[in-house]
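1. sequence and predicted structure, then a few things I'm wondering about:
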Amino acid sequence: MRQIVLLSFLLVYSSSFACICGTTSVINRYNHSDFVADITIVKNYPNEGNINFYKSDIKINQLFKGRTLKSIFVYGRSDGQIGNSCSIFFPVGTNLIAYSNKDDKGIFTIGRCSNVNLDQVTTSQVKYEIAALNHITSNAQKDLDVVQFQENSDLRERLKKFNGLRLDQNYALFQIEFNSDFTVKSVIAINGFGDLIDKDLSSIFKEVIWIDGENPSRKEITQSSKLLFGIYYHPQTEDRKSFLSFY
């Protein structure tokens, strides 16, 4: 009896774990996805056998990256039952931003951590996500290096000088161009916060250390490699001042 109770507890306990999604920016999600679009789910198909993905036909409302798709595969169960904490179900009519990747069989998939359900966020969040994607799409360049640029010093600390600022927009988008040794050659504010703040941020970008996040030991890159980099404004709340962050 004691073993049965323990087993029941473990089953309930393990199923109660939340699916933890890492914090990342719109730009990072865009850069690391093969397909990005504002879509509507128009039809769901039953899971086949024990496969943890079900097929969904989609309507593309706006395509931001990749080719036009008629369907994607969603990690979860089409009957809405919870397979595990990372399973997800989108009823027909659900509107979302899909950040999808293609697997080794050429199938495009999404999961709980690779979408923004537009029916479950505020109007301002929807406008922000769409506006950010429009800016990224219109400024993305085919010659951007495949280097996964990553700041590797004290950018977070340096951004604290802007704590308490009041700004009218939620994010700024910059194009950073690098020399072959990972030092910053130039910074262009594509959609900035204003001349004074943009100038300060440009100086900070030039002072911090940058590396290839996938190959930190790499010392040299293609001359004039470029990066689209976002800085996000988080307004003041009851328990903290406003601040800038790269998330």
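-> Everything's here; your move.

2. enumerate every residue touching residue 101.
-> When contacts are counted by C-beta atoms under 8 Å, 6 or more residues apart in numbering, residue 101 is found next to 32, 33, 34, 35, 108, 109, 114. Every C-beta, even on glycine, is put in place using the N, C-alpha and C of the backbone.

3. in the helix or strand containing residue 201, which residues are buried?
-> Residue 201 is part of helix 195-207, with elements assigned from DSSP states H and E. If you call a residue buried by 16 or more other C-beta atoms under 10 Å, then helix 195-207 has these buried ones: 197, 198, 201, 202, 204, 205.

4. report the contact partners of the nearest residue to residue 125 once chain neighbours are set aside.
-> Here the nearest residue to residue 125 in space, its sequence neighbours aside, is residue 116; by C-beta to C-beta, 6 or more residues apart in numbering that works out to 8.0 Å. Residue 116 makes contact with 96, 97, 99, 125, 129, according to C-beta under 8 Å, 6+ apart.

5. would you mind naming the residues that bridge with residue 116?
-> Beta bridges link residue 116 to residue 97 when assigned by DSSP bridges.

6. please tell me how far it sits from residue 124.
-> Using C-beta to C-beta, to the nearest Å, one obtains 13 Å as the distance from residue 116 to residue 124.

7. tell me the domain boundaries of this protein?
-> Per the record's domain assignment (automatic domain parsing), the chain is made up of the domains 18-139, 149-245.

8. any chance of those in CSV, with mean pLDDT too?
-> Putting these into CSV (pLDDT from 0 to 100) gives the following:
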stretch, mean pLDDT
domain 18-139, 87
domain 149-245, 90
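
9. just give me the neighbour total for residue 218.
-> Taking other C-beta atoms under 10 Å as the neighbour definition, residue 218 ends up with a count of 12.

10. how far away is it from residue 148?
-> Taking C-beta to C-beta as the measure, residue 218 falls 10 Å from residue 148.

11. residues shared between the contacts of these two?
-> Between them, residue 218 and residue 148 have residue 212 as joint contacts when contacts are counted by C-beta under 8 Å, 6+ apart.

12. helices and strands around the top strand by length along the chain, which ones?
-> Counting by DSSP state E, the longest strand found in the chain is strand 53-65. Of the remaining helices and strands, those touching strand 53-65 by 3 or more C-beta pairs under 8 Å, 6 or more residues apart in numbering; DSSP states H and E are strand 35-44, strand 71-75, helix 123-139.

13. and the furthest pair within the contacts of residue 116?
-> Between all members of the contacts of residue 116, the longest pairwise span (C-beta to C-beta) is found for 99 and 125 and amounts to 15.3 Å.

14. neighbour-wise, which of those two wins?
-> In terms of neighbours (other C-beta under 10 Å), residue 99 is the more surrounded of residue 99 and residue 125; the figures are 25 against 13.

15. coming back round to it: mind listing what the longest strand of the chain pairs with, with the direction of each?
-> Sheet pairing here is set by DSSP bridges, and for strand 53-65 it gives strand 35-44 (antiparallel), strand 71-75 (antiparallel).

16. go through these and name the closest to residue 86.
-> With C-beta to C-beta as the measure, strand 71-75 is the member of the strands paired with strand 53-65 nearest residue 86 (6.5 Å).

17. ok, residue 222 touching residue 180?
-> Yes - counting by C-beta atoms under 8 Å, residue 180 is a contact partner of residue 222 at 7.2 Å.
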